[in-house]
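Q: sharing a model prediction with you, sequence too.
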Amino acid sequence: MFTLFKNGSVYNTAEKRFVRSDLLVRDGVIVDPAYSGELPADCDTVDCTGRYLLPGLVDVHTHGRSGFDFNSVDNDAVVALRKSYAKAGTTTLMATLASAPIDDLYNSIRHIGANRTPACGMATLAGIHLEGRYLNPKRRGAHATELLYPLNAAELETMMTVMLPLPVHVSCAAEMEGGETFVKTAIRLGATVGMAHSDATWDEAKKAVEWGVTSFTHTFNAMKPVHHREPGNAAASLLTDTAWSEFICDGEHIHPAMIALAARCKPADKLVLITDSMEAAAMPDGEYGIAGLPVFVKNGRAVNSDGALAGSTLDLFRGLTNFMKFTGWTLEEALPCATSNPAAMVGIDADCGSLSAGRRADIVMITDKERPEIESVRVLGERI
């Protein structure tokens, strides 16, 4: 079945601009973002006059929202999560697993894998981001120390056999013993790898990039601070043009001035906005949990019992608009940071992240690109 979205301003990712055009969709997939032919038979039309059509947002680092955590889900919880993300404009995500006992990780992997088929009204679970377990205790953040383990390439290979054929992104502290073997094993098995919760020096971070690390997980957070005699992995994140750098733009995890600095340092196509959201996102203040530890949320700020930030209550659309405020970038300039860039980082950009032919027809509609707010969301071409 065809649907023609008429008279809208469609975002062109390659040109970073909106183009007045008609977008043609067939069976939930974009056929042509600038269609000018005859109206196909049995074609529905949607009048988009006065509206800007954005690609659905892509969050590659999110632990949960709406009272649910991917570390402790069943099938009903996964469905609820997918619906909640889609309503907030995030139509594709990598379900992110924090540190947990190995059996709990396998349980989550099974439920995520069983619910990855794209469906109307729900965000697509594109794959798994394994953040937990292989982290440096010195930079553990909100992860419980007793749930952290050394880098174990053999254990990872066994776990990967369960996660595949899902796309997998593995975050780890590659400077720890066995880092080279661990990183190269993950890559050999088809995963992408990011540096996370790491105490790496500048030299260790650059060496990890040589091994195949292609991203830096929530840059500035759970990293060695920048020092003028030892710039560490935070500076390596900013100055490695070949690697993507993740940023949490909630105004809590990173000062807005540091976001602005990062935007000046990184190539625009290597900036990735994430939420690192936990189960309290879209929920009232109260007591929640993440990575085996209790989390206390007050005024939307999530901290553990030590007072450390413990994930966020951010949604990605708000992170995008915050990024615009922090940097002065226009929507046209900033939009790839929450769509095509994260999709490319984990290798899923053939299916999502832009309004290009062959991608899922996941569309966020707004009416004001200077002060963006979501008017409506469509998944596979159908309005939620």
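A: Structure received. Remember, predicted model here, so these are calculated numbers, not experimental data.

Q: need the pLDDT of Gly127.
A: Gly127 carries a pLDDT value of 97.

Q: residue contacts, it?
A: 94-95, 116, 166-169, 346, 348 (C-beta atoms under 8 Å, 6 or more residues apart in numbering). (C-beta placed from N, C-alpha, C; glycine too.)

Q: measure stretch 244-262 end to end?
A: In stretch 244-262, first residue to last residue: 12 Å (C-alpha to C-alpha, to the nearest Å).

Q: for it, the averaged confidence score.
A: For stretch 244-262, mean pLDDT is 97.

Q: may I see the buried residues of it?
A: For stretch 244-262, burial by neighbour count (16 or more other C-beta atoms under 10 Å) applies to 244-251, 253-254, 258-262.

Q: likewise for stretch 268-278?
A: 270-278.

Q: next: stretch 48-65.
A: Of the residues in stretch 48-65, those buried (16+ other C-beta under 10 Å) are 48, 51-65.

Q: again, but for stretch 303-318
A: By neighbour count on 16+ other C-beta under 10 Å, the buried set for stretch 303-318 is 303-304, 308-318.

Q: my guess is Asp104 meets Asn71, correct?
A: Yes: contact between Asp104 and Asn71 holds when scored by C-beta atoms under 8 Å: they sit 6.4 Å apart.

Q: neighbour-wise, which of those two wins?
A: Per other C-beta atoms under 10 Å, whichever of Asp104 and Asn71 has more neighbours is Asn71, with 25 against 16.

Q: ok, back up a step: now the buried residues of stretch 268-278 in CSV, please, with extra columns for secondary structure, distance to Thr90 and pLDDT.
A: Formatted as CSV, the buried residues of stretch 268-278 follow (DSSP: H, G, I helix; E, B strand; the rest coil; distance: C-beta to C-beta, whole Å; pLDDT from 0 to 100):
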residue, secondary structure, distance to Thr90, pLDDT
Lys270, helix, 21, 98
Leu271, strand, 17, 98
Val272, strand, 14, 99
Leu273, strand, 11, 99
Ile274, strand, 11, 98
Thr275, coil, 8, 98
Asp276, coil, 13, 97
Ser277, strand, 9, 97
Met278, coil, 15, 96
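
Q: nearest to Lys207 among these?
A: For these, the closest approach to Lys207 (C-beta to C-beta) belongs to Lys270, at 19.3 Å.

Q: my read: that closest one touches Glu246, true?
A: No: using C-beta under 8 Å, Lys270 is not in contact with Glu246; the gap is 10.3 Å.

Q: doesn't Ile109 lie inside a helix?
A: Yes: per DSSP: H, G, I helix; E, B strand; the rest coil, Ile109 lies within a helix segment.

Q: that one and Ala173: what is the separation?
A: Here the criterion is C-beta to C-beta, to the nearest Å. By it, Ile109 lies 21 Å from Ala173.

Q: test my guess that Thr185 contacts Glu155.
A: No: using C-beta under 8 Å as the test, Thr185 is too far from Glu155 to be in contact (10.1 Å).

Q: about what we covered before: have a look at the buried residues of stretch 303-318 and tell me the least confident one.
A: Ala308 (83).

Q: quick one, phi psi at that residue?
A: Torsion angles at Ala308 (phi, psi; degrees, to the nearest 10) stand at phi -80, psi 140.

Q: Met154: how many residues sit nearby?
A: Residue 154: Ala, not Met. Ala154 sits with 10 neighbouring residues when counted by other C-beta under 10 Å.

Q: next, it: secondary structure please.
A: Of the three states, Ala154 takes helix according to three-state DSSP.

Q: cool, the one 3 residues further on as well?
A: At Glu157 the chain is in helix, as set by three-state DSSP.

Q: how much space between it and His255?
A: Glu157 sits 40 Å away from His255 when distances are taken as C-beta to C-beta.

Q: same question for Ala123.
A: To His255, Ala123 is 30 Å away according to C-beta to C-beta.

Q: and what of Ser66?
A: Distance of Ser66 to His255, computed by C-beta to C-beta: 28 Å.

Q: and Ala86, by the same measure?
A: Shown here: Ala86 relative to His255, a distance of 31 Å by C-beta to C-beta.

Q: next: Glu204.
A: From Glu204 to His255 the distance is 26 Å (C-beta to C-beta).

Q: quick one: low-confidence ranges for the stretch 1-150 of the chain?
A: By pLDDT under 70, the stretch 1-150 of the chain has no low-scoring segment.

Q: so which residues of it form strands?
A: With strands called from DSSP state E, counting those that start in this stretch, the stretch 1-150 of the chain shows them at 2-12, 17-26, 29-32, 43-47, 52-55, 57-62, 64-65, 68-69, 90-97, 124-130.

Q: hey, C-alpha coordinates of the fifth one in PDB?
A: Translated: strand 52-55. Output of strand 52-55 as PDB, limited to C-alpha atoms (Å, rounded to 0.1, in the frame of the first residue of the first chain):
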ATOM      1  CA  TYR A  52       8.600  19.800   8.700                       C
ATOM      2  CA  LEU A  53       9.300  16.100   8.300                       C
ATOM      3  CA  LEU A  54      12.300  14.800  10.400                       C
ATOM      4  CA  PRO A  55      13.700  11.300  10.500                       C
END
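
Q: give me the pLDDT for Ser305.
A: For Ser305, pLDDT reads 83.

Q: neighbour count for Thr185 and Glu155, which is higher?
A: Between Thr185 and Glu155, counted using other C-beta under 10 Å, the more crowded position is Thr185 (20 against 15).
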